[in-house]
Structures are given as structure tokens and as C-alpha cells.
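Trainee: Below are the sequence and a predicted model; questions follow.
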2 protein chains.
Amino acid sequence: MNLPQGYAYSAVYAGIRQTERDDLALIVSGLPANAAAVFTRNRVQAAPVRLCRRHLAQSKGQVGAILINAGNANCATRNGDAVALGTARETARMLKLPVAQVLTASTGVIGVELDGGKITAALPRLVNGLSPDRFEDAARAIMTTDLVMKTAAAEARLKHGAVCVAGMTKGSGMIHPNMATTLGFVLTDAQLPAATLRAILKRAVESSYNRLSVDGDTSTNDTLLLLANGASGVRPETREIPRVEERIAAVCQQLARSIARDGEGAKKFVTIEVSGAPNDNAAARLARTIANSPLVKTAIAGSDPNWGRILSAAGNAGVVFDPAKTDIRMQGVVVCRGGLATPFSETELKEKLDAPEVHIRFSLRGKSKGEARFWTCDLTHGYIDINASYRT
Amino acid sequence: MNLPQGYAYSAVYAGIRQTERDDLALIVSGLPANAAAVFTRNRVQAAPVRLCRRHLAQSKGQVGAILINAGNANCATRNGDAVALGTARETARMLKLPVAQVLTASTGVIGVELDGGKITAALPRLVNGLSPDRFEDAARAIMTTDLVMKTAAAEARLKHGAVCVAGMTKGSGMIHPNMATTLGFVLTDAQLPAATLRAILKRAVESSYNRLSVDGDTSTNDTLLLLANGASGVRPETREIPRVEERIAAVCQQLARSIARDGEGAKKFVTIEVSGAPNDNAAARLARTIANSPLVKTAIAGSDPNWGRILSAAGNAGVVFDPAKTDIRMQGVVVCRGGLATPFSETELKEKLDAPEVHIRFSLRGKSKGEARFWTCDLTHGYIDINASYRT
């Protein structure tokens, strides 16, 4: 995987999580990068989210470093703002950056005080360890209940040279669309003005993180940052911008899919495609309601071709549609035609549903062209095992 | 339990479900009863729901009999309307009622054709078995994944005599507020005009079935019927109506609570109380979002005092509130004060959370008085076991 130029990464164990596994990561851009960001829409926002908003406003979207910790969300904590600012300051001092160019992000348990001392004590080791080759170390350090590291990369060859995009993300529960779900950091070495970057990120999120649902819950810390440091020396021409955007969106989509694939306890990755809705928004609402239905998700866990639950879930989306003009396919097999049962081999379909990838297609007949693709996972015992004892 | 006068009940096994257990029930009122109804708001509505709406309009809200089957929802079925109407007709013929005074209700799997022949073949036995004493037989026949029969009764002693209210309900999954969740039949022998009855039911549902959530899913068949046949000969005076309403609401609340208590796989009954919200609606939204959060529900299953999830879920309710003015209590223990952690004995609280009844109080400080009470259950392996193989 070709990483973008001009970034360095590091990770250490700072003692924030109970098990000895890296829990503090640093991403540094040698040149100040233009940045765009999306944050959780939760009414309760963690201290690092507040710090990011403030610093991005102060720095006019210029970012030099991102300090990320796992094991503690620094949310609903008495000293939250002080810890976020204090650790950002110390990082800025060591990296000789204006403090407003340092962002922080946290993930983990809510409502437990985060010991800033552990972070500042670990900072010298963290900064010492910075290297352009430690991208994956950082990606591993931000994991919480994630079973696999989540990274993606892409490259665009433009007239004046190649630009690279690479991203890392974490998250496998508390994942819901409509927000800048989870932590995600997408970096490129293209030269892109801040306004362009913001427009690109907004659209990329819509087709990636906002099309993803694990359990319908939304964290207080969700943060997605897109940095462009221009270190490639390549400034895409106006007509090339869509190609760069396409690569950034592809990275975001791959990251989002990897979250659904690693959904807590998930055994199956589920793609839901809706077509023929009044518009794309309505299609997304239908897809999201199907994706969030515990009845649909448990049926998939049990390889049960219970399409009635899909139809019923869609009926709760708040979208006007005619059930009599609805077709449903599971794994390519038509299970419902015109809102009615249609003959299919239950045994064969059950076998097909045992596959690790499940595909549901919900099509509305007619002239409307609204469509959406959504990703989720099945709901299994594993989800409950993980979440019944996350804190204790 | 004193049952209302003038009603008779019956139940038989008609062969709709695979296991030999009564699956067809009949409720008959000797006098034509005034009726009020609430139905699912799902866009996909089962044939019996359509029949109920049509018949209630035709009969101007007069009901003589309700025919209920379990084992098949008669939804998304080719012959659905014909079966609903055909079985209602045959029932009307045997009971010598106008067909518009016969309602039907169905519950069970969606998208499988319901064999009307089985029902009409069983009707003579069903009608023969009618008795004022078979209330519980009917209540048992309408159960699907329910583990316990769900009934409730109340009595009001008025100036001119006593009136009785009794109700039966079924449901333990696919339960969600905002709709006339599940099947429910509430009967009274009071003389109540149709308009009064409708107003009473609307308010009673708001404080009962609409305050209940098992899994956030909503059935295509949800139906709640309230019948008043006047067989007590007692016409409540205007000033007595609130007392009658209070009894009807109490029966509805007891029925709704019994559904949450019997939630699929549930080990714990959870009450969520919200106070200090901008208004009652906002309070209900906060309570509902907490009640629907899989992360909250799994934490309760694991007796994990993870209040951060409660605060985070509330943050997603779309209600404006100040986390810094939020207090959270679990089992009476303050776990969060002013949006922050507050010391409590984790061991002791864990033990308290092992109880079969869990109480969460979410209070917002300030002058607002909006409040709501909500019922739900924990999310356990059992829910998944039941729903991964419901159909097969």
C-alpha cells in the first residue's frame, strides 16, 4: 500500500487501557495540512470533539498533528477539557506546532476520568517513535473492541504526478448512520484547498460512514478527519478533482465497510440495496430501517429467509410506497414479488444465507429512481457477550 | 378477576400452527358493543387490519364479534383479503350478526398464505364452545412466542352500580411504541358512547402501549380494540367518566407492562423514568431512545452500571438538553450527577442490577416539568435464539 508523503505515525502503550496494548497514537504532517472534519451529532459531545471544533476554527482548518487515545472516551469527565487541551499543548510544544494545529480524539468508556498525566508521560516516547512507516501501528493503537485493524488506501495518477490517499478507522459497535460515525483519519498528499476538501468530505461521508449501521447507537466521540498536506507537490487540475474525490470516497467506503464487517459479534456482512424509491433520501431511509431492524438482523444470523420482516421493517421507514409493487431478493433469489410470497427453495436459500456475505435487494417498481446502498451485519450472541460486560 | 358482563369467549386448535395448541379465538358480545380501535402505523398493513378499518366504518363502530388467529399474520398474502372477509362472513352467519360487526385479527408469520378453510372448518366447534368463563382460553390461544398469558382486569364502583374492564393481549417481540403495538382486546360492560370511547382509548394507549419497547420493530398487524357493550346497565355520569377511563388506562398499562416483562428472551423488566424535559413529548422521546438502545439493553443484561451509554443514548434522542444538568440513577443509586461520574460502589450496584426489575431515572435539572415513564426489557441471547429461527 502506497502511503501519502509527508506524514509520520507513532504508537505507544501509555497505560490507559488495562491490557498492555498500544493505546496512544500520533499522526503528524510535516507540512501544515488543510483539514475537513465531521463530528458526531450526539447532543452529548466528548471533550476532544469540542477541542477539535475549537482548534479547527482557530487554525482556519490547518492541522499539524492528531493525538488519539483508546481505552477512555474522555466524555462526561470533570477534567475532560483540561486533559484534552493539556495533552494537545504538550504535543504542540514537543512538535513545535501552534497548539491550534493539534487535534485530539478519544475512544473508550464514557464517564471515567482520563488521566492526562499518563499521556504526557508517554509523549516523549510517542514523538521519538514517529516514522512514515508506522501507519499500521497507529491504526492498531486506536482499536477498542475491533477484532481487525482497519485501513484502506488508493492512488490517483494525475497529469502532474500521483497523489496518494490512506485512511485508518476504528469502530465495531455504537455505529449508526447520520453521524460522522466512529473515529476515522483519512490522509492525502494532494494539494487541495480547504473549501474543496470540505465539499469532498461531506459527499464522501454520505456514501460511506452514513451508509453504515451496526446497532443504531451513536457515540459521543465520533470524529472523521480528512487531511491534505500537499506533500506530493501535485495540485490536481480542476477537471481532475472528481478523480481525487473518487479515490477519497473509495477509501472512506472501504473503511466503513470494514467496520460493518467487524461489527461486534458479527458473523455476516450484509449489503442492503434499495431501488425505485421516490428519491435517494427515501431510499436511504428504507435501507437504514431495514439495516437497523433487530428482527432482520437476527433472521440473517439464523440464515432464515424471513422476508416478511424485511417488508415489515421497510413499512416503518416513514416512506410512502406501495407494498404491492415491492420485490425483495435475498442472495439474488426472488423471495417476494409484488409484496407477496413467491415460490423458492427454502433449503437452497438457507444454504446460500450461510455465506459470510448476505445481499438484500429491496426494489420498488415504477418510474422513481431513488436508490441507496447500506452496510450492516447480523445480530448474534457475540454482540451481547461483548456489550453485557464492556465496562466491567 | 371479575369479568365484564355480556361477553363470551372460545378457543380451538384449527391447525394453523404446527404444534397442537389452540390457535383460533373468538370474543363475542351479546349486545352490539361500541368500539374504538388503534392500528399499526406500519406502511405495510395486514389484511385483517384493512378489514377492521372497513368494518368499523361500515358499522359505525358497532362490534359483535372478534375472530383472532395465531400462527399466521395473513399479511403479504395473495388471498389475504378474501380469507379475512370469508372467515368474518362465516362467523357472522353462524352468530346471526351483520358481517360489518365482525372483526378479525391475525398474528404470526408474514408472507405465508393463510388457509381460510382451516378456520371455517373449525368455526362450528369454536362457536359451540362459547362461554363467559373461557376468557383465559381465548387469551392463551392468541399467544405466539409469548411465554405467559397476558390479562388484566379492573372494576369501578359508580353511583348506579359497578362496571368491569378486562383485557387480554399478546406480544413479546416486534414491539415498538408509536403504534397500537401488538394485539390487544379490552372489554368493558359500561355504557359508553363511541366518541367517549375513542377519546379514552387514544389517551390510554399513549400512557401504555406507546410507552413500551421490546426491540424497536413494529408489526404489520398491530391492533388494539376497546369494546363497551353496556351489559352492566350502568351508564357512568359525566363526572364518573374519568374514573372509568382511569380503570381502562390501568388495564392497558398492565397489559403493556406484561408484554415488556415477557419480552423475547428478557430476563429483566426495565422501567425508565425521565423528568425535567422541556415537555412530556420530549421526555417520551428521551425515554424511548434510552429504551431502544441495544447498548443500554445489553448492559442491563450484564448488570453493568454503564451509565455513559444511557447518557449517550439520550444524546441521540433529538431533544435539546444540557448534559451538565443531567442526573442519572440506576436502582435508586446516583451514578451520574451533572453529566459527570459520581462515586458509587460498583460491586453493590452490580448486585442490585441482578434483580429482575431494573429502574433507570434520567432527570434534567431546571424549571421544565416534562416527564415520561417507559417500559422495556434487557437484550439477551434468548432474543437472538428466538428470532434467528422463528420461521424455520
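Mentor: Sure, I can see it.
Trainee: Put the alpha carbons of the one helix or strand residue A:244 maps to into CSV.
Mentor: Assessed by DSSP states H and E, residue A:244 sits inside helix A:241-261. Written as CSV, here are the backbone C-alpha positions of helix A:241-261 (Å, rounded to 0.1, in the frame of the first residue of the first chain):
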residue,chain,number,x,y,z
ILE,A,241,-10.7,16.9,-8.8
PRO,A,242,-13.5,14.4,-9.3
ARG,A,243,-10.9,11.6,-9.7
VAL,A,244,-9.3,12.6,-6.5
GLU,A,245,-12.6,12.8,-4.8
GLU,A,246,-13.5,9.4,-6.2
ARG,A,247,-10.3,7.9,-4.5
ILE,A,248,-11.1,9.6,-1.2
ALA,A,249,-14.7,8.3,-1.3
ALA,A,250,-13.4,4.8,-2.1
VAL,A,251,-11.1,4.9,0.9
CYS,A,252,-14.0,6.1,3.1
GLN,A,253,-16.3,3.4,1.8
GLN,A,254,-13.7,0.7,2.3
LEU,A,255,-13.2,1.9,5.9
ALA,A,256,-16.9,2.0,6.5
ARG,A,257,-17.4,-1.5,5.1
SER,A,258,-14.6,-2.8,7.2
ILE,A,259,-16.5,-1.5,10.3
ALA,A,260,-19.7,-3.4,9.4
ARG,A,261,-17.7,-6.5,8.6
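Trainee: Beyond it, next helix or strand please.
Mentor: Using DSSP H and E, the helix or strand that follows helix A:241-261 in sequence is strand A:269-277.
Trainee: other SSEs contacting that following strand?
Mentor: helix A:241-261, helix A:280-292, strand A:357-364, strand A:370-377 (3 or more C-beta pairs under 8 Å, 6 or more residues apart in numbering or on different chains; DSSP states H and E). In short, each C-beta sits where N, CA and C put it, glycine included.
Trainee: relative to helix A:280-292, how tilted is that strand?
Mentor: Angle, strand A:269-277 to helix A:280-292, by axes from the mean of the first three to the mean of the last three C-alpha atoms, to 10 degrees: 150 degrees.
Trainee: tell me what the helix holding residue A:244 is packed against?
Mentor: Against helix A:241-261 (3+ C-beta pairs under 8 Å, 6+ apart) you get strand A:150-158, strand A:161-170, strand A:183-188, helix A:194-206, strand A:269-277, strand A:370-377.
Trainee: strand partners of whichever helix or strand comes after the fourth one, parallel vs antiparallel please.
Mentor: Going back to what we said before, that points to helix A:194-206. As assigned by DSSP H and E, the chain's next helix or strand after helix A:194-206 is strand A:223-228. Applying DSSP bridges, strand A:223-228 is found paired with strand A:24-39 (antiparallel), strand A:183-188 (parallel).
Trainee: Report the mean confidence score over strand A:223-228.
Mentor: For strand A:223-228, the mean per-residue pLDDT is 94.
Trainee: So residue A:110 sits against residue A:47, correct?
Mentor: No. Counting by C-beta atoms under 8 Å, residue A:110 stays clear of residue A:47, with 11.2 Å between them.
Trainee: Return the residues in contact with the residue of the stretch 101-250 of chain A found nearest chain B.
Mentor: Residue of the stretch 101-250 of chain A nearest chain B, by C-beta to the nearest C-beta: residue A:110 (2.6 Å). Shown in contact with residue A:110 (C-beta atoms under 8 Å, 6 or more residues apart in numbering or on different chains): A:46, A:73, A:75-76, A:220, B:306, B:308-309, B:311-312.
Trainee: rewinding a little: which of the strands paired with strand A:223-228 has the highest mean neighbour count?
Mentor: strand A:183-188 (a mean of 29; mean count of other C-beta atoms under 10 Å in any protein chain shown).
Trainee: So which of the helices and strands packed on helix A:241-261 is the most surrounded?
Mentor: Stretch with highest mean neighbour count among those: strand A:183-188 (a mean of 29; mean count of other C-beta under 10 Å).
Trainee: Distance from that one to the middle of the chain?
Mentor: 9 Å (C-alpha atoms, centre = their mean, to the nearest Å).
Trainee: And stretch A:29-43, by the same measure?
Mentor: Relative to the chain's own centre, stretch A:29-43 is displaced by 14 Å; criterion: C-alpha atoms, centre = their mean.
Trainee: coming back round to it: show me the one of the strands paired with strand A:223-228 that comes nearest residue A:198.
Mentor: Smallest distance to residue A:198 across the strands paired with strand A:223-228 (C-beta to C-beta): 4.2 Å, for strand A:24-39.
Trainee: Give me the angle between the helix or strand following that closest one and strand A:183-188.
Mentor: Proceeding N to C from strand A:24-39, the next assigned helix or strand is helix A:47-58, under DSSP H and E. Orientation of helix A:47-58 against strand A:183-188 (the same axes, to 10 degrees) gives an angle of 30 degrees.
Trainee: Using CSV, write out the CA atom coordinates for helix A:47-58.
Mentor: The C-alpha coordinates for helix A:47-58 follow below in CSV (Å, rounded to 0.1, in the frame of the first residue of the first chain):
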residue,chain,number,x,y,z
ALA,A,47,-14.1,17.0,25.3
PRO,A,48,-11.9,16.0,22.3
VAL,A,49,-14.7,16.7,19.9
ARG,A,50,-15.1,20.2,21.5
LEU,A,51,-11.4,20.7,21.2
CYS,A,52,-11.3,19.7,17.6
ARG,A,53,-14.0,22.2,16.7
ARG,A,54,-12.3,25.0,18.6
HIS,A,55,-8.9,24.4,17.2
LEU,A,56,-10.1,24.0,13.6
ALA,A,57,-11.8,27.3,13.9
GLN,A,58,-8.7,29.0,15.4
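Trainee: Just the buried residues of that helix, please?
Mentor: Residues A:47-52, A:55-56 are the ones in helix A:47-58 that count as buried (16 or more other C-beta atoms under 10 Å in any protein chain shown).
Trainee: follow-up on the earlier one: shared neighbours, residue A:110 and residue A:47?
Mentor: Joint contacts of residue A:110 and residue A:47 (C-beta under 8 Å, 6+ apart) are residue A:75.
Trainee: circling back to that earlier point, for the buried residues of helix A:47-58, give me a markdown table that also has pLDDT and distance to chain B.
Mentor: As requested, the buried residues of helix A:47-58 are exported to a markdown table (pLDDT from 0 to 100; distance: C-beta to the nearest C-beta, whole Å):
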| residue | pLDDT | distance to chain B |
| --- | --- | --- |
| A:47 | 95 | 11 |
| A:48 | 96 | 15 |
| A:49 | 95 | 11 |
| A:50 | 96 | 11 |
| A:51 | 97 | 16 |
| A:52 | 97 | 17 |
| A:55 | 98 | 21 |
| A:56 | 97 | 21 |
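Trainee: just these now: which is nearest residue A:375?
Mentor: For the buried residues of helix A:47-58, the nearest to residue A:375 is residue A:49 (24.2 Å; C-beta to C-beta).
Trainee: No more questions from me, cheers.
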